[in-house]
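[1] Just a sequence and a predicted model for now, questions to come.
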Amino acid sequence: MSGDTETAAPAVDCTGLAYAFGETNAVDGLDLTVAEGEVFGLLGPNGAGKTTAIRCITTLLPVPPGMVRVFGRDTARERMAVRRLLGYVPQQLSADASLTGRENVTLFARVFDVPRRERAERVAQALAAVGLADAADRMAGTFSGGMIRRLELAQALVSAPRLLILDEPTIGLDPIARTGVWEHIDAVRAATGMTVLVTTHYMDEADQHCDRVALMHRGRVHALGTPGDLTRGLGERRRAAGATGAPPTLEDVFREVAGSGLDDTSGDFRDVRSTRRTANRVG
Ligand SMILES: Nc1ncnc2c1ncn2[C@@H]1O[C@H](COP(=O)(O)OP(=O)(O)OP(=O)(O)O)[C@@H](O)[C@H]1O
């Protein structure tokens with residue numbers, strides 16, 4: 001693969017991506033292109049297939065050649081090259097409560113082969129980028145949920161990836177901590193031009209922070225565009241049908257495309273479950 005091809009290729013290119021767990025088609029023909037430099041939101045309710053799609057893109061789940069390319073590199077054929085291009089913050093907690101913030105990030109710097117002589121500085125930069133410079137030498141077990149999430153962000157950033165993939169980065173956090181996480185994602189993106197692919201079921205966050213979103217339901221993309229285009233489009237359809245009222249939100253767009261498949265209570269359950277996971281891990 002030539003350097004030119006890699007530069008011209010989209011950050012992520014999924015073509016007919018499919019993945020099944022036994023009888024369950026978790027991802028069922030997903031077509032998706034993420035341009036370099038954009039913040040792209042993969043949205044959907046529990047079970048939509050977001051995490052499975054992300055795990056295929058990160059090479060953690062194997063798919064046949066031709067389904068997923070990252071900066072032009074096929075995940076099936078160039079697994080290690082793809083891994084070197086991306087930073088991944090999974091839903092499961094990846095920080096170790098018994099290590100300090102700095103030690104946690106240093107561990108990732110070693111795993112990702114950050115050269116030894118650059119390591120200390122790169123770790124300090126990653127911690128500063130997420131607002132944890134002052135807390136760097138405290139045990140992660142003393143961190144709040146929002147600080148842990150930012151620490152995990154620093155772990156993913158220390159290898160200076162071209163593509164940052166975040167699976168539900170703000171789940172289980174209170175509104176202030178959620179804002180804090182996004183402020184740092186936005187700042188890193190502004191400073192580096194890094195591509196960000198994020199899954200979330202918080203439509204308000206996607207509306208505010210994503211350049212484009214894909215609304216995913218039952219393994220497929222049902223709507224794709226900028227949040228503004230999607231909400232304007234629904235507003236126009238409603239006006240054409242004679243409806244009045246408040247301008248639609250992204251959540252309204254989602255309800256239109258997903259219909260009765262949406263579960264009103266799923267977000268709450270997920271928050272509780274995730275909060276518990278956080279508590280178990282760092283408690
Ligand atoms: N390891 C697994 N074994 C069996 N089925 C699975 C597995 N992981 C996911 N699934 C199923 O695949 C489907 C998609 O799940 P996935 O986790 O990708 O959805 P999601 O949109 O990320 O939802 P959530 O936000 O709840 O993680 C669901 O029906 C889920 O039950």
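    It's in.

[2] Would you mind naming what in this structure lies close to the ligand?
    21, 24, 26, 44, 46-52 (C-beta under 6 Å from any ligand atom). Yep, even glycine has a C-beta here, placed from its N, CA and C like the rest.

[3] These, buried ones only, as a PyMOL selection?
    Under the burial definition 16 or more other C-beta atoms under 10 Å, those of these that qualify are selected in PyMOL by:
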select buried, resi 26+44+47+48+49+50+51+52
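
[4] Need the residues of the chain next to the ligand in JSON lines (columns: pLDDT, secondary structure and distance to residue 252).
    JSON lines is the format used below for these (pLDDT from 0 to 100; DSSP: H, G, I helix; E, B strand; the rest coil; distance: C-beta to C-beta, whole Å):
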{"residue": "21", "pLDDT": "96", "secondary structure": "strand", "distance to residue 252": "31"}
{"residue": "24", "pLDDT": "94", "secondary structure": "strand", "distance to residue 252": "29"}
{"residue": "26", "pLDDT": "96", "secondary structure": "strand", "distance to residue 252": "26"}
{"residue": "44", "pLDDT": "87", "secondary structure": "coil", "distance to residue 252": "15"}
{"residue": "46", "pLDDT": "84", "secondary structure": "coil", "distance to residue 252": "19"}
{"residue": "47", "pLDDT": "88", "secondary structure": "coil", "distance to residue 252": "21"}
{"residue": "48", "pLDDT": "91", "secondary structure": "coil", "distance to residue 252": "17"}
{"residue": "49", "pLDDT": "94", "secondary structure": "coil", "distance to residue 252": "22"}
{"residue": "50", "pLDDT": "94", "secondary structure": "helix", "distance to residue 252": "20"}
{"residue": "51", "pLDDT": "94", "secondary structure": "helix", "distance to residue 252": "25"}
{"residue": "52", "pLDDT": "96", "secondary structure": "helix", "distance to residue 252": "26"}
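
[5] Greatest separation within the residues of the chain next to the ligand: which pair is it?
    Pairwise distances across the residues of the chain next to the ligand peak at 16.8 Å for 21 and 44 (criterion: C-beta to C-beta).

[6] what's the closest residue in space to residue 67 that isn't next to it in sequence in contact with, if anything?
    Distances taken as C-beta to C-beta, 6 or more residues apart in numbering place residue 17 nearest to residue 67, at 4.8 Å, with adjacent residues excluded. Counting by C-beta atoms under 8 Å, 6 or more residues apart in numbering, residue 17 touches 27, 29-32, 53, 56, 63, 67-68.
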